[in-house]
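Engineer: just a sequence and a predicted model for now, questions to come.
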Amino acid sequence: MSRAEDSWVAKTWYGNSSLVWLLVPFSWLYAAVIKVRSALYRRNIFQSRAVGVPVVVVGNITVGGTGKTPLTIWLASELKARGFSPGVVSRGYRGIVGATPVVATPQSDPAVVGDEAVLLASHSKCHVVVHPDRIAAAIRAIELGANVILADDGLQHYRLERDVEIAVIDGHRGFGNGRLLPAGPLREKPARLDSVDKVVVQRRLNRPDNVLRRASDRQPLHFSLKPVAMRRLDNNEVAALADFAGRKVHAIAGIGNPERFFRMLESHGMIVKRHPLPDHAKISPADISFADTMPVIMTSKDAVKCRFPAAGQCWSVEVEVEFEGEEGDMLLDLVVRNIEAERPAV
């Protein structure tokens, strides 16, 4: 998708563009397809398959960035601290893994396994297995020693039986115009949230939480992505965000919500020249080359795709998941209770 196309989609989904009405008939068709598919699973005509160990799905009901990958990394780290051996499975969006599952490493080519898989492998310190068939990927992760599977972005992959479902929502964007694809950003209707185990919102909503439209009275949890350091891409230097306060910078963001990244930099005192890219966009030397000496700053997800020499002087922002109060412990306790109940007895 080009920058122009991405901008048009953003205006249609999150603005007031009248062009949305051209897409509404296709949304009706999409709604019919997912309704039939859901019915086939409910009636066991299509069947979900267990893989022999507990499965935790971290996903969303909208297209675009909600923070699910950083949350998956956080969850993997916390489960390891509790004695589990998690394995992460990912579809490898925009990758070309082929017929068999591929084990992603920090050195893997993002063009093969996808940028999110490289990010997961770099920060989760777990085995990360990539394949559109999450069942095949999960089986490979189990062969490598995983005793619990974390499925990154697998909420709609019903073939994989799961024990815990966590739905992540962008508290700033919410559900956009509230329409299903392609007229809006929704993969499923908001009523789907009634069936998940927990809704987690990145950044507290600026409006009442009833915007989540859950039929139950269960309250969502809230987290934010806290920037903790700036790292030069050649790894020769680490700096604090405060070191860039008051400076003009070029900001590159090929994520679902680039504006969130730009505003974060501005909140730390930087004067930001914005360079939004489509989500998962390939980055070339031309994308980071400017006729000035201003620092070039990008997200960690974009940084894993910049393996050419010119990128060495660029900076990426490292972030950590930070929950409100004790809500992180609440989420972890829920996950552990469910997977302990399902883990095979030794």
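Structural biologist: Arrived safely.

Engineer: now the phi/psi pair for the residue nearest to A146 when sequence neighbours are not counted, please.
Structural biologist: With sequence-adjacent residues excluded and distances taken as C-beta to C-beta, 6 or more residues apart in numbering, A146 is closest to G87, at 2.8 Å. Heads up, the C-betas are built off the backbone N, CA and C, glycines and all. Main-chain torsions, G87, degrees, to the nearest 10: phi -120, psi 140.

Engineer: can you tell me how far V200 is from L71?
Structural biologist: Separation of V200 from L71 (C-beta to C-beta, to the nearest Å) stands at 7 Å.

Engineer: identify the contacts common to those two.
Structural biologist: Residues touching both V200 and L71 (C-beta atoms under 8 Å, 6 or more residues apart in numbering): 166, 168, 223.

Engineer: right, and the first one touches N60 too?
Structural biologist: Okay, so that is I166. No - taking C-beta atoms under 8 Å as the definition, I166 is not a contact partner of N60, at 9.5 Å.

Engineer: ok, now which ones touch V317?
Structural biologist: Applying C-beta under 8 Å, 6+ apart, the residues near V317 are 227, 229-230, 241, 261, 264-265, 297-300.

Engineer: change it to 10 Å
Structural biologist: V317 makes contacts with 225, 227-231, 241, 244, 251, 253, 261, 264-265, 268, 297-300, 302-303, as judged by C-beta atoms under 10 Å, 6 or more residues apart in numbering.

Engineer: quick one, which of V200 and L71 is more surrounded?
Structural biologist: V200 (25 against 22; other C-beta atoms under 10 Å).

Engineer: just the element for that one, please.
Structural biologist: Here V200, judged by DSSP states H and E, is contained in strand 198-202.

Engineer: still on that earlier bit, joint contacts of I166 and N60?
Structural biologist: With C-beta under 10 Å, 6+ apart, I166 and N60 have common neighbours 68, 155, 200.

Engineer: so what's the first one closest to, chain neighbours aside?
Structural biologist: So that's K68. V168 (4.4 Å).

Engineer: pLDDT weak spots in the stretch 151-300 of the chain?
Structural biologist: 204-217 (pLDDT under 70).

Engineer: distance check, A10 against N16.
Structural biologist: For A10, the distance to N16 - C-beta to C-beta - is 12 Å.

Engineer: report how many residues lie close to the residue nearest to A146.
Structural biologist: If we define neighbours as other C-beta under 10 Å, then G87 has 27 of them.

Engineer: and what of Q313?
Structural biologist: For Q313, the neighbour count with other C-beta under 10 Å is 14.

Engineer: would you mind confirming that it is in contact with N235?
Structural biologist: No - counting by C-beta atoms under 10 Å, Q313 stays clear of N235, with 11.9 Å between them.

Engineer: quick one, helices of the protein?
Structural biologist: 3-14, 20-42, 68-81, 110-113, 115-124, 134-143, 258-267, 300-303, 327-342 (DSSP state H).

Engineer: now do the buried residues in the fourth one.
Structural biologist: This points to helix 110-113. 110, 112-113 (16 or more other C-beta atoms under 10 Å).

Engineer: and the contacts of that helix?
Structural biologist: Residues contacting helix 110-113 (C-beta under 10 Å, 6+ apart): 90, 92-98, 102-105, 116-121, 128-131, 280, 282-283, 301-302, 304-307.

Engineer: for ChimeraX, write the selection for the buried entries among the contacts of V317.
Structural biologist: Those of these that count as buried under 16+ other C-beta under 10 Å are selected in ChimeraX with:
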select :225,227,230,231,241,244,251,253,261,264,265,268,297,298,299,300,302,303
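
Engineer: so which of the contacts of V317 belong to strands?
Structural biologist: 225, 227-231, 251, 253, 297-299 (DSSP state E).

Engineer: can you list the domain ranges for the chain.
Structural biologist: Following automatic domain parsing, one gets these domains for the chain: 55-223+323-342, 225-322.

Engineer: distance to S27 added to those domains, as CSV?
Structural biologist: CSV is the format used below for those (distance: least, C-beta to C-beta, whole Å):
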stretch, distance to S27
domain 55-223+323-342, 4
domain 225-322, 19
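
Engineer: surely N257 and D279 touch.
Structural biologist: Yes - in terms of C-beta under 10 Å, N257 counts as a neighbour of D279; the distance is 8.7 Å.

Engineer: list residues touching both of those two?
Structural biologist: 64-65.

Engineer: the stretch 51-200 of the chain: strands as residue ranges?
Structural biologist: For the stretch 51-200 of the chain, the strands defined by DSSP state E, counting those that start in this stretch cover 55-59, 86-90, 102-104, 127-130, 148-152, 164-170, 198-202.

Engineer: if we can go back for a sec, which among the contacts of helix 110-113 count as buried?
Structural biologist: 90, 92-93, 95, 97, 102-104, 116-121, 128-131, 280, 283, 301-302, 304-306.

Engineer: still on that earlier bit, which one of the ones in strands among the contacts of V317 is nearest S289?
Structural biologist: M298 (13.2 Å; C-beta to C-beta).

Engineer: leaving out the residues flanking it, which one is nearest to that closest one?
Structural biologist: I252 (4.0 Å).

Engineer: can you name the residues bridging to the one you found?
Structural biologist: H275, M298 (DSSP bridges).

Engineer: what's the answer for V89, then?
Structural biologist: V129, A151.

Engineer: done for today, thanks.
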